[in-house]
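# Take a look and give me a structure for this.
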Amino acid sequence: MSLELRLVKTARDADAARRLEREATWLRELAEVRTLEPHVPRLLDRGTDSAGAPYIVISIPPGTGETRAFTNEHARFLSTLGKARFRAAEFEHSGKCQWIQRSLPPDAPLLQEAYYDCEKALLYWTGPYVLSQGDFAPWNIRTCGSGLFVFDWGEAHADASPLDDVLHYLMIQRRMRTVPLLRRAMTRAQDFALAAYPEWSWRPKVIGALTLVYLLGVILHRKLDRADPVVGAYWKLLEKRSAWMPT
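Numbers count the residues shown, from 1 in each chain. Got it, this is the predicted structure:
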């Protein structure tokens, strides 16, 4: 009989409560995907504590360890996750594109120009849009036997670029500021896309545009806070995009 541990997560402010509600919603949906069953927590309970704070109780496996490398298991998990909520669309009709459009401030010309570069590069390109974990990073992933166990689904969202989670995993660890490191991440993301979604075109121009989509998404999600080291690093990469964007 295997030992199952339980983790209680409690929200202490409105943002945390929003993430907790989102996590509970996605865990209920993912519980119906049998291929993800050993890799995702089960929602065991939810409610409000004596102080009025919402909480959830989730299952976690014992004896797990963190890894920093992006392995075949990471790629396999993301491929399975992507197929759990999947649709093909042109960029302009994707939820990711429409969210960026709504979130772009009118007084940020760099972001407006970068978004225009995305639109131009992805014009007439149709590709897959998938479920994203939202913060696919080593600190939210544990190895469990030969597979992975992925925590923290409070930022999960549908209709994401299939490269978002791959690029996030590779880049967020180092808050990449340099063009050579970014190019390596793009190459690894292209390899993933070719293997997971071989029906679509993954030419360098598409990879570059979807990398812009990822950078813009993180900056907008973090409210353009230039004091945030991740936003600061990604902002510099947008400024240098002529050095790494394929033409």
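
# Domain-wise, how is this protein divided?
5-60, 72-244 (automatic domain parsing).

# just for the protein, where's the confidence low?
For the chain, the stretches with pLDDT under 70 are 1-3, 63-64, 146, 175-177.

# of all the domains of the chain, which lies closest to residue 66?
Closest of the domains of the chain to residue 66 is domain 72-244, at 5.3 Å (criterion: C-beta to C-beta). C-beta: built from backbone N, CA, C; applies to glycine.

# now that closest one, how far from the chain's geometric center?
Remark: domain 72-244 is offset 7 Å from the chain centroid, using C-alpha atoms, centre = their mean, to the nearest Å.

# Also stretch 4-12?
On C-alpha atoms, centre = their mean, the centre of stretch 4-12 falls 22 Å from the chain's centre.

# now the helices for the chain?
14-30, 72-84, 95-103, 109-121, 164-172, 179-196, 204-221, 229-239, 241-244 (DSSP state H).

# Please identify the most buried of these.
helix 164-172 (a mean of 24; mean count of other C-beta atoms under 10 Å).

# what's the angle from that helix to helix 179-196?
150 degrees (axes from the mean of the first three to the mean of the last three C-alpha atoms, to 10 degrees).

# list the helices and strands helix 164-172 packs on?
For helix 164-172, the elements it packs on are helix 72-84, helix 179-196, helix 204-221, judged by 3 or more C-beta pairs under 8 Å, 6 or more residues apart in numbering; DSSP states H and E.

# Throw the helices of the chain into a markdown table and include distance to residue 136, thanks.
Formatted as a markdown table, the helices of the chain follow (distance: least, C-beta to C-beta, whole Å):
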| stretch | distance to residue 136 |
| --- | --- |
| helix 14-30 | 13 |
| helix 72-84 | 7 |
| helix 95-103 | 15 |
| helix 109-121 | 21 |
| helix 164-172 | 4 |
| helix 179-196 | 12 |
| helix 204-221 | 11 |
| helix 229-239 | 14 |
| helix 241-244 | 22 |
